[in-house]
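Trainee: Kindly generate the corresponding structure for this input.
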Amino acid sequence: MEVLCEGADTAPLGMLIVVSGPSGVGKDTVVREFLKSSDNCVLSVSATTRPIRPAEVPGRDYFFLERDDFIQKAQRGEMLESAEYNGSFYGTPREAVWCERLAGRHVILIIEVQGAMSVQKLCPEAVLVFIKPPTVDSLRERLLARGTDDEQSIGRRMKIAEGEIEFAKMYNYIITNDDYKMCAADLDTVIRAAAMSPRHAGVLI
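Mentor: Reported below is the predicted structural model:
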């Protein structure tokens, strides 16, 4: 996980943007669509112990780690946050995030609610964005259409999703993903608005 910190001595501090939402809501699709037209935002690549899925690329989608390796890195403080979700560990490599922010780039973290709450405690300036489905039924349909989980796993994810949606009120912004391109446009609006807020605009003055 080599990190370059170019421009760290001269650039204003970039924002930390946390994006959460239930499994299957389309977080990754929305963020990647947004990044197509963004020139100052980067996506933090998370580490995970879950098995790699078809079409996923190590280092692009996730850093895929063995369970013991992940736990050791977390214990050494190499993770900004870490959480267990549906039997697998997920975490955010700390050094990469800080180097990107020091270089003046806004860093987007796509993480679960538990991890988002941990980041908020460590970084109160973080901008928290929750992406929710139009309806609970539509979320189940998306999970079924994805074809990566059996009925038992989908049932667990739906139960977790109900609890996650309850946490939406803890976020700074809530966006509904009815159409991923419109949702990406809403995310762009949110990030632009956050950059003009006193706590972030003040950093640049």
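Trainee: use CA for all of it now, contacts and neighbours both
Mentor: Noted.
Trainee: Read off the pLDDT value for Pro54.
Mentor: At Pro54, the pLDDT value in this model is 90.
Trainee: So it lies in a strand, does it not?
Mentor: No - read with DSSP: H, G, I helix; E, B strand; the rest coil, Pro54 is coil and lies in no strand.
Trainee: Bridge partners for the residue most central in space within the chain, pull those for me.
Mentor: The centroid of the chain falls nearest to Ile110 when counting by Cα atoms, centre = their mean (0.9 Å). With DSSP bridges as the criterion, Ile110 is bridged to Val19.
Trainee: Settle this for me: it is touching Val25, isn't it.
Mentor: No - using Cα atoms under 8 Å, Ile110 is not in contact with Val25, being 12.0 Å away.
Trainee: Can you show me the helices along this protein?
Mentor: 27-35, 67-75, 94-102, 113-122, 136-146, 151-166, 180-195, 198-204 (DSSP state H).
Trainee: Can you tell me which of those is packed in deepest?
Mentor: Each of these was scored by mean neighbour count; the highest is helix 94-102, a mean of 20, by mean count of other Cα atoms under 10 Å.
Trainee: Please work out the angle formed by the directions of it and helix 67-75.
Mentor: 50 degrees (axes from the mean of the first three to the mean of the last three Cα atoms, to 10 degrees).
Trainee: what about helix 94-102, distance to the chain center?
Mentor: From the chain centre to the centre of helix 94-102 is a distance of 15 Å (Cα atoms, centre = their mean, to the nearest Å).
Trainee: what do you get for stretch 143-157?
Mentor: That offset, for stretch 143-157, works out to 21 Å (Cα atoms, centre = their mean).
Trainee: now do stretch 23-30
Mentor: 10 Å.
Trainee: Now that stretch: average pLDDT?
Mentor: Stretch 23-30 shows a mean pLDDT of 91.
Trainee: What is the end-to-end distance of it?
Mentor: With Cα to Cα, to the nearest Å as the measure, stretch 23-30 spans 13 Å from end to end.
Trainee: and what of stretch 40-56?
Mentor: Termini of stretch 40-56 sit 24 Å apart (Cα to Cα).
Trainee: Please work out which residues outside it touch it.
Mentor: 35, 59-67, 70, 88-93, 96-97, 100, 104-110, 148 (Cα atoms under 8 Å, 6 or more residues apart in numbering).
Trainee: Let me know the pLDDT of the closest residue to Asp28 other than its chain neighbours.
Mentor: Nearest residue to Asp28 in three dimensions, chain neighbours excluded: Ile110, at 7.3 Å (Cα to Cα, 6 or more residues apart in numbering). Per-residue confidence at Ile110 stands at 94 (pLDDT).
Trainee: could you list every residue that touches Ile110?
Mentor: Contacts of Ile110 (Cα under 8 Å, 6+ apart): 18-20, 27-28, 44, 46.
Trainee: What about those, which one has the most neighbours?
Mentor: Ser20 (27 neighbours; other Cα atoms under 10 Å).
Trainee: wouldn't it be in contact with Gly26 here?
Mentor: No - using Cα under 8 Å, Ser20 makes no contact with Gly26, being 10.0 Å away.
Trainee: still on that earlier bit, what's the closest of the helices of the chain to Asn172?
Mentor: Closest of the helices of the chain to Asn172 is helix 180-195, at 9.4 Å (criterion: Cα to Cα).
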